[in-house]
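Asks: Coordinates for the following, if possible.
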Amino acid sequence: MSGGYRPSRRTFRLRFEDDQYDGLVVKVRSTSVGRLLEVMELLALDIEALTAEDVQRFAGVFDALAEVLVEWNVEDDVGQPVPATLDGIKHQDIDFVMDILMVWFQALVQAPAPLPATSSAGGPSAVPPLPMEPLSPSRAS
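Replies: Numbers count the residues shown, from 1 in each chain. The predicted structure follows:
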């Protein structure tokens, strides 16, 4: 049997709802289910009752964003590019970073957009048979 399947991580170009970030380009990778669950847990912390330990844990949200941030076109106050790194993230306003986090999170958990409509002419396509390999008697269970 050949080597195993290696799934690739998807890359998303985040889309923002309003014109507040018109011109902003942010590209992020997908993440593992485990990391997503960690981020969800951290985002659910009660901000009003954070302990010192919670604050340290919450920093993991920004670590997670830095891990998946592929590129962005953010510039500083004098027009210099801000690196798409944890340090670059830490130098941004919190509202801006939280907006990016929320849109990234939504991109991960929402259902993919429907495929474009196909031609209505003709009948449905036949479903091709699934290729199957018979198991030898010693491998069948």
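Asks: Please make it C-alpha for all contacts and neighbour counts, starting now.
Replies: Fine.
Asks: what residue ranges in this protein score low on pLDDT?
Replies: In the predicted model, the chain carries pLDDT under 70 at residues 1, 111-141.
Asks: try 80
Replies: 1-2, 17-19, 45, 47, 110-141 (pLDDT under 80).
Asks: Mind jotting down where the helices sit in it?
Replies: 33-43, 52-68, 86-90, 94-109 (DSSP state H).
Asks: Return the list of helices and strands in contact with the second one.
Replies: I take that to be helix 52-68. helix 33-43, helix 86-90 (3 or more C-alpha pairs under 8 Å, 6 or more residues apart in numbering; DSSP states H and E).
Asks: Please point out which parts of that helix sit buried.
Replies: For helix 52-68, a neighbour-count test (16 or more other C-alpha atoms under 10 Å) marks F58, G60, V61, F62, D63, A64, L65, A66, E67, V68 as buried.
Asks: what do you get for the shortest one?
Replies: Of the residues in helix 86-90, I89 count as buried by neighbour count, 16+ other C-alpha under 10 Å.
Asks: Please list the outside residues in contact with it.
Replies: With contact meaning C-alpha atoms under 8 Å, 6 or more residues apart in numbering, helix 86-90 is reached by F62, D63, L65, A66, V82, V97.
Asks: repeat that with 10 Å
Replies: 62-67, 69, 74-76, 81-83, 96-97 (C-alpha atoms under 10 Å, 6 or more residues apart in numbering).
Asks: sorry, back to before: arrange the helices and strands packed on helix 52-68 in a markdown table, one row each, with distance to R6 as further columns.
Replies: Below are these laid out as a markdown table (distance: least, C-alpha to C-alpha, whole Å):
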| stretch | distance to R6 |
| --- | --- |
| helix 33-43 | 16 |
| helix 86-90 | 27 |
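Asks: can you pull the contacts of the most centrally placed residue in the chain?
Replies: Geometric centre of the chain, nearest residue: S30, 3.7 Å, by C-alpha atoms, centre = their mean. Residues near S30 by C-alpha under 10 Å, 6+ apart: 8-12, 36, 67-69, 104-105, 107-108.
Asks: tell me the two of the contacts of helix 86-90 that are most distant?
Replies: Across the contacts of helix 86-90, no pair lies farther apart than A64 and D76, at 22.0 Å, counting by C-alpha to C-alpha.
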